[in-house]
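Q: the following block contains a protein sequence and its predicted model.
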Amino acid sequence: MTAVLGCATAVCSAQGGYKINGDIDLTAGKVCVITYFDNRPDTLARAAITGGKFVLEGEVAEPVLAFVNVVDQMISLPLFLENTNFTVNINTFASSENKVAGGREHELYVDFKEIRTRFDQLQAQFVGQLMGGQIRTRAQSDSLKAAVQRTNVDAQKAEEDFLRTNPDASASAYFATDGMTLYTPEYLQKKYDLLSDKGKATIYGKQLGDFLAFKTRTAAGVSAPDFTFTTEDGRTVKISDVKGKVKVIMLWDPSSLVGISDHESLADLWRYFHNKGLQIISLSTGSDQERWKEVVGRNDHPWLVGFDWKDGHSAAVEFTRSPLVSSHDILVLDENNKILMYGLRPKELHDYVAALLN
């Protein structure tokens, strides 16, 4: 988060930074402002509650979605933080009374949330009617399904109009990334194209750009890079050296019990399908070669177990790792090293490979 933060503690000067003046129905306690990036929390500032008031101060390098949290209580107020003054009112008994004011980015954040809430409520209303036994005829069902579809189209248009009207805003870029794993690359590209160069240069715009690049390079039909790796017995091997109708490349973490379990589960896959043309290559996501050697040395592995880290970099990890989501790093290639599938879960591998080879 160093790219986002100019300072991460309350000792920062508020001049040129942000200042959050808060009122709360507590006489004592603590509050903090936290942001999340790559699913990791980062505390930007902390403050004590004194006589029902608090002040949080700091500086951010650019606007970022943050949360004002009351420590040891389940209270969290979203705030699109930028270097300006904010006022916050917290009612610990009635969350509907909580208020945040200040900052153009936060205003845009609230406006977009209102758009989404309006359409979500309509969707819930229609789905409730469909599922609640209120539909008596086929015509009523078809009419309601059509209304749901129109609502989806209208919601999509409203969100696109918002991005088109506010293409520079960090809040727009944030909402362009929101829920992006649910959308097709084509629709994500459409939203990305609605951002200006300034919007694309925000942390959220960069996230979306990186994610689109990731989806493009791991798409079916794309040629995989010819990774070079070192095997357990010290041989240097390229992916192209490995001949098979289907090649499964699993990236696994030798420091994780889940990673080790997933790696050892490849034994069943090998036993069932190797004689039908399957080859398996497993590569370490961790850069600690001694740890990798220790773990792989516990058992015999008939498939190729490799390590491709060099000077702090792994070509396989950098190619397969999504910049935004925790993805299962399993790559399935054909005999010409064209990508067939990326992102399968280990438990999905057997059926997928069986469909290819049986």
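A: Looks like it arrived, so ask away.

Q: ok, now which ones touch residue 208?
A: By C-beta atoms under 8 Å, 6 or more residues apart in numbering, the contact list for residue 208 reads 173, 176-177, 180, 188, 191-192, 195, 200. Yep, even glycine has a C-beta here, placed from its N, CA and C like the rest.

Q: among those, which are in helices?
A: If you go by DSSP state H, these have 173, 176-177, 188, 191-192, 200 in helices.

Q: re earlier: nearest to residue 67, of the contacts of residue 208?
A: Ranked by distance to residue 67 (C-beta to C-beta), the contacts of residue 208 are led by residue 177 at 17.1 Å.

Q: surely the closest one is in contact with residue 210?
A: No. With contact defined as C-beta atoms under 8 Å, residue 177 does not count as touching residue 210 (10.1 Å).

Q: who has more neighbours, the two?
A: The neighbour comparison of residue 177 against residue 210 (other C-beta atoms under 10 Å) goes to residue 177, with 21 against 13.

Q: and the closest residue to residue 346 other than its chain neighbours, how far is that from residue 209?
A: Excluding the flanking residues, the one nearest residue 346 by C-beta to C-beta, 6 or more residues apart in numbering is residue 262, at 4.5 Å. Residue 262 is 30 Å from residue 209, where distance means C-beta to C-beta, to the nearest Å.

Q: so these two - more neighbours on which side?
A: Neighbours of residue 262 and residue 209, each counted by other C-beta under 10 Å, are more numerous for residue 262; the result is 22 against 18.

Q: and the more buried one, what element?
A: Using DSSP states H and E, residue 262 falls within helix 257-264.

Q: report all helices and strands that that helix contacts.
A: strand 246-252 (3 or more C-beta pairs under 8 Å, 6 or more residues apart in numbering; DSSP states H and E).

Q: residues touching the strand it packs on, excluding its own?
A: Residues from elsewhere that reach strand 246-252 (C-beta under 8 Å, 6+ apart): 224, 227, 239, 259-260, 262-263, 266, 269, 273, 277-285, 316-317, 320-321, 329-335, 337, 340, 346, 349, 353, 356-357.

Q: and these, which of them are buried?
A: Of the members of the contacts of strand 246-252, the ones counted as buried by neighbours, 16 or more other C-beta atoms under 10 Å, are 224, 227, 239, 259-260, 262-263, 266, 269, 273, 278-285, 316-317, 320-321, 329-334, 337, 340, 346, 349, 353, 356-357.
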